[in-house]
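A.B. asks: my questions are about this predicted structure, shown below with the sequence.
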Amino acid sequence: MKKINFDKVFSFILVSLLGLFILRVLYSVAGEEAARFTADHYINFGVEETSAINIVTAILFDYRAFDTLGEATVIFTAASVVALLLPRHEASMLKTEFTPVVQQSIAFVLPFLWIISIFLIAYGHLSPGGGFSGGVIISAISILIIFTYGYRYMTRRFNVKKLSLIEDIGALAFLTIGLAGIIAGGTFLANSQVGIYPGTPGELLSGGLMPLSNFAVAAKVGTGLSVIFLSLARED
Amino acid sequence: MVLVFPAIAVLISMGIYAVLTQKNMIRIIIGISIVESAIILLLGAIAYIPEGVAPILDQPYDTVVDPLPQALGLTAVVINASTTAIMLALVIKLYNRYQTLDIHEIRKLRG
């Protein structure tokens, strides 16, 4: 008993020192007026170069699309690992059934959630949103369906295999979009550098391949997180 | 901006304290998640510029916050979700095998 208390006190002192150190570093970093060359470039020339109004999406899918590819790979790996580790049984640990009131209201809400997600994905280069947030809402739809109508209802329509297939198609679509940059004479995942249909900034069809990559990433993120939840919810 | 930094330091310290002292594996995962959330808060805080607008340039602007940490924050969110899911899956596997969540018990039961 005494040893555990000593451990806790020791950890507390260690963690407090760490917190003070972090605070010292943060204040010294904030005190300096660092020159933000890259950020200034993105802000001043971002719209002109990529014709996407949302600069965050322009960074994610144009300037640093290669980072996004790595990020998509992380989700892919996580979904594969979780689906591999957990047992393959059809039963679920979610045994509670909701009343018809909840089921009817969720059935009413679901189309609106689809509209929001598709809007966020399609207008990702013009307004807040993008493939990642839209994909997360799609996975939230599947989680809602599993909670209200049960695990079996969901797996009858979309089992893990089908969802994984959609995820693979999303990943392949993103890679194919990357190859378009090479075909147009640039590097892998090049978009605005090689001038693929820049369009007018502010219109729906602008930003070159950005809307397409938004849809590919959304398919990947939505189905990947759904696979993760389906795998975590099933039990032997 | 100045007030956010103590909050970040406290959150990171809290998370690491939980990882060091807790015995339940779920609580350790909660501690790791707290640290990850603090990192996202840090990314938002260092992107902030006083009186800057969001980096959606559809109207005239004066100053804009730094878009680069925000893009990195999106990456961090996705990776947090993935790592948390893998940790939970491993905990389910360990629980099925050892019938306990106590990390000290599992260390004793080696083999």
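C.D. replies: That came through fine.

A.B. asks: residue ranges in the chain under the pLDDT threshold?
C.D. replies: Since no chain was named, I'll use chain A. Chain A contains residues with pLDDT under 70 at A:1-4, A:31-35, A:88-96, A:235-236.

A.B. asks: can you look at chain B instead?
C.D. replies: Where chain B drops to pLDDT under 70, the residues are B:1, B:110-111.

A.B. asks: run through the helices of it in chain order.
C.D. replies: Secondary structure of chain B (DSSP state H): helices at B:4-21, B:25-47, B:67-98, B:103-108.

A.B. asks: quick one: buried residues of the second one?
C.D. replies: Right, the one you point to is helix B:25-47. B:25, B:28-29, B:31-43, B:45-47 (16 or more other CB atoms under 10 Å in any protein chain shown). For glycine as for every other residue, the C-beta is placed from the backbone atoms N, C-alpha and C.

A.B. asks: on that earlier part again, how about the helices of chain B in TSV, adding distance to residue A:16?
C.D. replies: Putting the helices of chain B into TSV (distance: least, CB to CB, whole Å) gives the following:
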stretch	distance to residue A:16
helix B:4-21	7
helix B:25-47	16
helix B:67-98	25
helix B:103-108	23
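
A.B. asks: and of those helices, who's closest to residue A:227?
C.D. replies: Smallest distance to residue A:227 across the helices of chain B (CB to CB): 9.7 Å, for helix B:67-98.

A.B. asks: thought residue A:54 was touching residue A:131?
C.D. replies: No. At 11.6 Å, residue A:54 does not count as touching residue A:131 under the criterion of CB atoms under 8 Å.

A.B. asks: contact partners for residue 66?
C.D. replies: I went with chain A, as the question did not name one. Going by CB atoms under 8 Å, 6 or more residues apart in numbering or on different chains, residue A:66 touches A:188, A:189.

A.B. asks: please go with chain B instead
C.D. replies: By CB under 8 Å, 6+ apart, the contact list for residue B:66 reads A:36, A:39, B:46, B:47, B:48, B:49, B:55.

A.B. asks: which among these count as buried?
C.D. replies: For the contacts of residue B:66, a burial check counting by 16+ other CB under 10 Å picks out A:39, B:46, B:47, B:55.

A.B. asks: residue A:202: which of those is nearest?
C.D. replies: The closest of the buried ones among the contacts of residue B:66 to residue A:202 turns out to be residue B:55 (CB to CB; 15.1 Å).

A.B. asks: which ones are touching residue A:222?
C.D. replies: Contacts for residue A:222 (CB under 8 Å, 6+ apart) come out as A:117, A:134, A:135, A:136, A:137, A:138, A:139, A:142.

A.B. asks: switch to 10 Å and redo it
C.D. replies: Residue A:222 makes contact with A:117, A:121, A:131-132, A:134-142, A:163, A:166-167, A:170, according to CB atoms under 10 Å, 6 or more residues apart in numbering or on different chains.

A.B. asks: ok, residue B:33 next?
C.D. replies: Residues counted as contacts of residue B:33 (CB under 10 Å, 6+ apart) are B:15, B:18, B:80, B:81, B:83, B:84, B:87.

A.B. asks: please repeat the previous calculation with a cut-off of 8 Å.
C.D. replies: By CB under 8 Å, 6+ apart, the contact set of residue B:33 is B:15, B:80, B:84.

A.B. asks: most neighbours among those residues, which one?
C.D. replies: residue B:15 (22 neighbours; other CB atoms under 10 Å in any protein chain shown).
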